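Q: quick one, what's the 3D model for this:
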Amino acid sequence: MSILRKPIDRDIKSNTPNSSDSRLRTIMAMVICLLMICQASAQKVRCQHHGSDVAHSPDQLKTETRSSFTLQVVFHILWQEESENISDERIESQMIRINEDFNQLNLDVALVPDLFQDLIGSADITFVLASEDPFGASTTGINRRQTDIENIGSVLSSDRKEVIKYTTLGGLDAWDPNQYINVWIGSTVDVFGLTTPLEIAGTEDDGIIITPEAFGEFEDDSSITNKGRTMTHELGHYFGLTHLWGRNNGCGTDDDGLDDTPEQERPYSGCEIFPQVSCGSVDMNMNFMDFSNDTCLLFFTKGQVKLMRSVLTSVRSGVIVSDELPILASELAEIEISQDAYTLYIKPQSTIEGPVQLDFYSISGQPVHKEVLNILNEYELNTNYLPKGVYILSIRSANQRFTHTFAAGF
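A: The predicted structure follows:
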């Protein structure tokens with residue numbers, strides 16, 4: 001299980017004793033010293049990953065036709081205080097964040113040092129909120145339940161079940177984890193995020209837990225998790241990535257097993273000035289799988305992307321939207337996309353026989369337009385009514401997938 005841990009406040013306030021009372025001063029000093037030692041020992045790494053290694057060598061990674069995937073997400077929100085009842089707007093900001101981060105669309109990717117620019121990868125994965133529940137009913141992809149269980153995200157039952165994941169225990173049951181990415185949002189004691197290991201993929205426990213103060217984007221200059229990158233990091237674990245330094249700190253022990261992430265001695269915190277060096281190379285502490293502050297996490301590498309897509313098309317293939325489509329799409333017909341101020345023009349190199357599903361989504365994953373065509377030859381899509389923003393076009397037939405990102409309303 002991946003665990004992203006909260007830092008503990010180490011500020012200690014006390015009244016200064018009267019200078020004439022040396023004995024009291026000595027006792028107070030000893031107490032303060034002991035408290036500082038206890039708190040220092042309680043300071044834990046932000047994340048631990050207990051899953052087994054995925055085969056990482058290039059010849060073991062699954063070969064696939066490069067295509068884009070759309071995955072459906074459901075959020076289960078367990079709240080005690082009103083501040084924990086995450087708003088729809090905050091959820092939308094989180095969806096925008098993961099869609100940008102996984103597709104190299106985040107503006108701050110330009111801050112990646114030149115040394116690593118050629119290594120940046122795009123996963124070509126679009127996350128959307130589930131539009132149908134497991135019974136076929138329409139849904140927003142957001143479930144809410146008020147709870148009287150404090151720190152429900154950290155509570156275990158007598159038989160070691162995570163309470164947040166079970167309705168009968170006071171939480172909310174997972175939707176079929178072979179079809180949905182389940183994300184629980186609930187207050188925790190000392191972790192920002194937890195992800196179940198691949199060994200139990202598809203079980204009722206499968207999914208991600210995120211504490212409210214690390215979810216979505218919000219204004220708080222004092223926060224280290226206010227840019228929504230806890231979920232980016234945890235999704236990396238969900239798709240098989242480990243931390244850059246592996247399970248153990250040190251050089252020459254283990255690392256993440258990928259060729260394009262340098263060996264790294266340990267996790268980083270804060271926003272360390274580039275370059276930082278360990279194990280004889282420059283560290284990639286701005287990678288999404290490090291522990292730096294949200295504002296300083298910037299990208300996945302091509303090797304990480306290849307591994308995530310390999311896990312997606314094998315272990316986690318069920319979460320790909322449209323189960324009738326094969327996981328490895330056939331060679332795609334080339335589709336030419338052009339655009340003017342009010343229209344998106346779609347022209348495949350050869351006719352695509354129907355039914356052809358044509359959808360597009362906002363960058364936050366909200367469906368905007370859906371239709372089914374009997375045949376796709378040339379098509380014009382009106383974009384005049386769209387608000388200013390970035391959108392994702394999805395074209396799917398019986399054995400083909402195609403996606404395209406475009407801007408409208410500017």
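Q: neighbours of the closest residue to Ile120 other than its chain neighbours, how many?
A: What sits nearest to Ile120 in space, not counting adjacent residues and going by Cβ to Cβ, 6 or more residues apart in numbering, is Phe299, at 4.9 Å. C-beta: built from backbone N, CA, C; applies to glycine. Phe299 has 23 neighbours, counted by other Cβ atoms under 10 Å.
Q: also Leu71?
A: Should you count by other Cβ under 10 Å, Leu71 turns out to have 23 residues around it.
Q: ok so it is a strand residue?
A: Yes: per DSSP: H, G, I helix; E, B strand; the rest coil, Leu71 lies within a strand segment.
Q: re the thing from before, look up how far Ser292 lies from the residue nearest to Ile120.
A: 12 Å (Cβ to Cβ, to the nearest Å).
Q: what are the phi and psi values for Gly236?
A: The phi/psi pair for Gly236 (degrees, to the nearest 10) reads phi -60, psi -50.
Q: pLDDT score for the nearest residue to it once chain neighbours are set aside?
A: Using Cβ to Cβ, 6+ apart and skipping residues adjacent in sequence, the residue nearest Gly236 is Met289, 5.3 Å away. We have a pLDDT of 97 for Met289.
Q: verify the contact between Met289 and Gly240 for me.
A: No: Met289 lies out of contact with Gly240 (Cβ atoms under 8 Å); the separation is 11.1 Å.
Q: burial count for Ile273?
A: Neighbour tally, Ile273, other Cβ under 10 Å: 6.
Q: helix or strand for it, which one?
A: Taking DSSP states H and E as the definition, Ile273 sits outside all helices and strands.
Q: gap between it and Val109?
A: 19 Å.
Q: repeat that for Asn99.
A: Separation of Asn99 from Val109 (Cβ to Cβ): 13 Å.
Q: one more: Ser154?
A: As judged by Cβ to Cβ, Ser154 and Val109 stand 33 Å apart.
Q: and the two? Which one has more around it.
A: Taking neighbours as other Cβ under 10 Å, Ser154 and Val109 compare with Ser154 leading, 19 against 16.
Q: can you list the domain ranges for the chain.
A: If you go by automatic domain parsing, the domain ranges for the chain are 2-42, 47-245+300-312, 335-408.
Q: which one of these lies closest to Ser281?
A: Relative to Ser281, the nearest member of the domains of the chain by Cβ to Cβ is domain 47-245+300-312, separated by 10.0 Å.
Q: correct me if wrong: Ser187 contacts Asn151.
A: Yes: Ser187 lies in contact with Asn151 (Cβ under 8 Å); the separation is 5.0 Å.
Q: neighbour-wise, which of the two wins?
A: Neighbours were counted for Ser187 and for Asn151 using other Cβ under 10 Å; Ser187 has more, 22 against 15.
Q: host element of that one?
A: Applying DSSP H and E as the criterion places Ser187 outside every helix and strand.
Q: re the thing from before, can you report phi and psi for the residue nearest to Ile120?
A: Phi and psi for Phe299, reported as degrees, to the nearest 10, are phi -170, psi 160.
Q: go ahead and confirm it touches Met289.
A: No: under the criterion of Cβ under 8 Å, Phe299 is not in contact with Met289, lying 10.1 Å apart.
Q: three-state assignment of Lys347?
A: When classified by three-state DSSP, Lys347 comes out as strand.
Q: ok, the closest residue to it other than its chain neighbours - how many residues close by?
A: Leaving aside its sequence neighbours, Lys347 sits nearest to Glu336 (Cβ to Cβ, 6+ apart; 4.5 Å). Neighbourhood size, Glu336 [other Cβ under 10 Å]: 10.
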